[in-house]
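Novice: what's the 3D shape of this:
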Amino acid sequence: MSLVLNSASGSRFSEDTRKRVRDAVNRLGYRTNAHAKVLREGVAGMIGFIGDSVATTPFAGAIIEGAQQRAWEDGLLLLAVNTGGDRQLEAASLDTMLSYKVAGVVYAAMYHRRLEVPEALAGVRSVVLNSQDRAGRVPSVAPDEVKGGYAATTRLLEAGHTKVGMINIETLESGLPAAVGRYEGYCAALEEAGLDVDPSLVRFGQGGEEHGYKYAMELLTSSNPPTAIFCANDRGAWGAYQAVSDLRLSIPGDVSIVGFDNQATLAPFLRPGLTTFELPFVAMGRRAVELILQDAEPDGRVELMDCPLIERNSVTHPKEMP
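Specialist: Residues are numbered from 1 along each chain as shown. Got it, this is the predicted structure:
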C-alpha cells in the first residue's frame, strides 16, 4: 500500500491496482505515518513559518498567503505560528518545528526592522522575511524602502508639484529601515529634480493617524505650505485627510497626497481613494520560500523587492498660482 501512496520509484502497479488501493484508503480512513516518513526521508513535507504578529495583521497576512502558495507548488505545507512577540512561545514553536524536521523556517516580522535571529535556527535553512538579520548571517527578503520613497515623491513631482512635504513614520535616529529608507528616497527624488530638501516641509511622527493630522495641520497652516504631501504610511495619510477637511480644503484640488502600504482596509475607502504604494507581501512570501527550496548556502544576502504604485484619485497637478 505504501508503495502506491508514496509513488515509490521503481514500483510498477497497474492503474486498476492503484485505484483499488486508493478506494480502500478512502473507505478505511487510512493516514500515512508522518513520523515514519521523517525517519525514512530525513525531512517532513512542511516548511515552518514563525511570525510575531503577522497572522493577526490584516494587510500583512498576505505574507502567509504568498509563502503558502509557493510551498504548495512543491507539494509542501506551511506550518505557521503567530507568537505575538512572546519569546517563550517562539522558542517552544521552533523546538517543535525542528523536531518535526521541517524543510526550513521562514522567520517573519510584522514591520521592516533589523532583528536578532534565534540561535535555534543556526544550521537550519532559514530566511528572514519583511525584516533583516542584524548579524548578517541569514538571507533576508524585505521591501525596497529607498526606491519606494523615491517613486512616491517622483509621482508628485511628475504631477507638477515643486513644494512637496513629507510626514515620516519615525525619526531617522530610530534606525527603522522604513523611516530612513523612505526619507532617503524622498531626498533623492527632490535632488534629482533640482530641488533642495526644505526642512520646514518635513515632519517626523510615529506613524499614527493623530500624527498625520497634527503634522499636516502644521504644514498646511504654515507661511510656506506644500501643494503635495508624501505620507510615509497610509494611517498618517488618513490623518492628513482629516486635517485637509478641517481646513476646508480639498484633495487633490488644494493638496495632493500619496501614502505608503496600501492598507486594504483603509486606502481604497478614503474619499477620494488614496494613491499609495503597496508593500509586496505576497511576492516576498513566495520569494522567502523559494530561497529555502533552493537550499543555497546561507550568505546573509538582503533581497529588496519593489513596492508597486496603486493609482487612485488623490493626486493632480497643483493649482495655478495667482
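
Novice: Which residue ranges of this protein form helices?
Specialist: 2-5, 15-28, 34-41, 62-73, 87-99, 145-158, 177-192, 209-220, 234-246, 281-294 (DSSP state H).

Novice: residues touching the closest residue to Gln68 other than its chain neighbours, list them.
Specialist: Leaving aside its sequence neighbours, Gln68 sits nearest to Leu78 (Cβ to Cβ, 6 or more residues apart in numbering; 4.4 Å). Using the backbone N, CA and C atoms, a C-beta is placed for each residue, glycine as well. Residues near Leu78 by Cβ atoms under 8 Å, 6 or more residues apart in numbering: 46-47, 49, 64, 67-68, 71-72, 289.

Novice: Tyr150 now?
Specialist: Shown in contact with Tyr150 (Cβ under 8 Å, 6+ apart): 185-186, 188-189.

Novice: Now the two most distant members of these.
Specialist: Tyr186 and Ala188 (7.3 Å; Cβ to Cβ).

Novice: Name the spans of the protein whose pLDDT lies under the cut-off.
Specialist: Counting by pLDDT under 70, the chain contains low-confidence ranges at 1-14, 17-18, 21-44, 54-60, 320-322.

Novice: Can you tell me the centre-most residue of it?
Specialist: Per Cα atoms, centre = their mean, the C-alpha nearest to the average position across the chain is that of Phe281, at 4.0 Å.

Novice: For that one, give its distance to Ala237.
Specialist: Phe281 sits 19 Å away from Ala237, going by Cβ to Cβ, to the nearest Å.

Novice: again with Tyr111
Specialist: 17 Å.

Novice: between these two, which one's more packed in?
Specialist: Ala237 (30 against 19; other Cβ atoms under 10 Å).

Novice: Show the contacting residues for the more buried one.
Specialist: By Cβ under 8 Å, 6+ apart, the contact list for Ala237 reads 212, 231, 257-260, 267, 270, 274, 276, 314.

Novice: what do you get for Leu129?
Specialist: Going by Cβ under 8 Å, 6+ apart, Leu129 touches 63, 67, 106-109, 140-142, 284-285, 288.

Novice: and with 6 Å instead?
Specialist: Taking Cβ atoms under 6 Å, 6 or more residues apart in numbering as the contact definition, Leu129 lies against 106, 108, 141, 288.

Novice: Just the buried residues from those residues, in ChimeraX please.
Specialist: Buried residues within the contacts of Leu129, by 16 or more other Cβ atoms under 10 Å, are selected in ChimeraX with:
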select :106,108,141,288
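
Novice: who are the neighbours in contact with Leu270?
Specialist: Tyr241.

Novice: Kindly report the same for Ala62.
Specialist: Contact analysis of Ala62 by Cβ under 6 Å, 6+ apart lists 281-282.

Novice: again, only using 10 Å
Specialist: Residues near Ala62 by Cβ atoms under 10 Å, 6 or more residues apart in numbering: 54, 264, 278-285.

Novice: In a markdown table: the helices of the chain, plus distance to Ala135.
Specialist: Conversion of those to a markdown table gives the following (distance: least, Cβ to Cβ, whole Å):
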| stretch | distance to Ala135 |
| --- | --- |
| helix 2-5 | 43 |
| helix 15-28 | 47 |
| helix 34-41 | 29 |
| helix 62-73 | 22 |
| helix 87-99 | 17 |
| helix 145-158 | 20 |
| helix 177-192 | 16 |
| helix 209-220 | 32 |
| helix 234-246 | 31 |
| helix 281-294 | 17 |
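
Novice: who wins for proximity to Met166 among these?
Specialist: helix 177-192 (5.1 Å).

Novice: buried residues in the closest one?
Specialist: By neighbour count on 16+ other Cβ under 10 Å, the buried set for helix 177-192 is 177-190.

Novice: Kindly format the C-alpha coordinates of that helix as PDB.
Specialist: These are the backbone C-alpha positions of helix 177-192, laid out as PDB (Å, rounded to 0.1, in the frame of the first residue of the first chain):
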ATOM      1  CA  PRO A 177      14.600  50.900   7.700                       C
ATOM      2  CA  ALA A 178      11.200  52.100   6.500                       C
ATOM      3  CA  ALA A 179      11.600  55.600   8.000                       C
ATOM      4  CA  VAL A 180      15.300  56.000   7.000                       C
ATOM      5  CA  GLY A 181      14.800  54.500   3.500                       C
ATOM      6  CA  ARG A 182      11.600  56.300   2.600                       C
ATOM      7  CA  TYR A 183      13.200  59.600   3.600                       C
ATOM      8  CA  GLU A 184      16.300  58.900   1.700                       C
ATOM      9  CA  GLY A 185      14.200  58.200  -1.400                       C
ATOM     10  CA  TYR A 186      12.300  61.400  -0.900                       C
ATOM     11  CA  CYS A 187      15.500  63.400  -0.700                       C
ATOM     12  CA  ALA A 188      17.000  61.700  -3.800                       C
ATOM     13  CA  ALA A 189      13.900  62.400  -5.900                       C
ATOM     14  CA  LEU A 190      14.000  66.100  -4.900                       C
ATOM     15  CA  GLU A 191      17.700  66.400  -5.600                       C
ATOM     16  CA  GLU A 192      17.300  64.700  -9.000                       C
END
